[in-house]
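K.L.:
Test case, fold it:
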Amino acid sequence: MLIEIIGSVAVDNFDPFCLGVGRKRKMIINSLRTQLCDLLGIKYPIVFAGMAHVSGPALVAAVSNAGGLGVLGAASYTPYQLRRMIRRTKNLTDKPFGVDVPMPRQLAEIDPNSTEESLRAQIPQEAIAFADRLGEDLGIPKVRGRSRVQVFSKGYTEEFVEIAIEENIPVFVSAVGDPSWAIPEAHAHGMKIMSCVGLVRQARRIAKNGVDVIIAQGTEAGGHTGKVGTMALVPQVVSAIRPTPVLCARGHR
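P.N.:
Predicted structure coming up:
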């Protein structure tokens, strides 16, 4: 099964309609009803990508209220902020929505007593110099003051999953990486897990571990999951992991 995951779509007025042929009228039933709709409890097989800094409560709720699946982009939140955003979204919709968190396979543990200065000191000077040169080359103005250090650790990822379970979120999305370790607990609480992949071998491994939906994300969709293009990736993933449902992540234009 192949469905498209897109940024936004107007579905408010999409309802079954009638076609007139002579004196005969044929009712056209909603042809967008798919296996994914039944799996996630949504009206249309349309999923809004959980983009950090963009996919907040208002936008997520709007997509879910329109019949798709809105997804909160949690990568820019702390665990405390994520819980607040989830509850704010619940105040705006009673429809299903999800939470999206990157889950890289290799994440360091962070000392809970770390300060912003100690964390900033761990950033290689080469990386800082590269970012400065890139900004100059592209004509990007420098930010006044100092930007906040965003911490993302293994402990954070585990806490995000626990919060989603405690808040009864029906769908958890792994933006990158491998969510296999979270699947047993998620399923025990009735939560579905979707995972973005950029390689066929990655799709096979995660599907074998019981993920509910694989999102085949080509390099056009931001380049987050690899260098393989969507047109080559999607049919290979569909063939490799059938009957696991596959979403196609549409690339940016």
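K.L.:
To what extent is residue 104 buried, counted in neighbours?
P.N.:
13 (other CB atoms under 10 Å). Every residue, glycine included, has its C-beta placed from N, CA and C.
K.L.:
Would you mind measuring from it to residue 178?
P.N.:
Counting by CB to CB, to the nearest Å, the separation of residue 104 from residue 178 is 8 Å.
K.L.:
if I pick the nearest residue to residue 217 once chain neighbours are set aside, what's in contact with it?
P.N.:
Closest residue to residue 217 in three dimensions, ignoring its sequence neighbours and counting by CB to CB, 6 or more residues apart in numbering: residue 249, at 3.8 Å. With contacts defined as CB atoms under 8 Å, 6 or more residues apart in numbering, the neighbours of residue 249 are 5, 49, 196, 215, 216, 217, 218, 221, 230.
K.L.:
Let's see which of these end up in helices.
P.N.:
When DSSP state H is applied, the contacts of residue 249 are split such that residue 230 fall in helices.
K.L.:
Pull out the buried residues from stretch 232-242.
P.N.:
Applying a neighbour-count criterion of 16 or more other CB atoms under 10 Å, the buried positions in stretch 232-242 are 233, 234, 237, 238, 240, 241.
K.L.:
Please name the bridge partners of the residue nearest to residue 217.
P.N.:
residue 5, residue 217 (DSSP bridges).
K.L.:
now it: how far from residue 219?
P.N.:
In this structure, residue 249 and residue 219 are separated by 10 Å, where distance is defined by CB to CB.
K.L.:
Name the residues contacting each of these two.
P.N.:
Taking CB under 8 Å, 6+ apart as the contact definition, residue 249 and residue 219 share the neighbouring residues residue 230.
K.L.:
Could you measure from the nearest residue to residue 213 once chain neighbours are set aside over to residue 160?
P.N.:
Using CB to CB, 6+ apart and skipping the chain neighbours, the partner closest in space to residue 213 is residue 194 (4.1 Å). Distance of residue 194 to residue 160, given as CB to CB: 15 Å.
K.L.:
and what of residue 172?
P.N.:
Computed as CB to CB, the residue 172 to residue 160 distance reads 8 Å.
K.L.:
what sits in contact with each of the two?
P.N.:
Jointly contacting residue 172 and residue 160 under the rule CB under 8 Å, 6+ apart are 99, 101.
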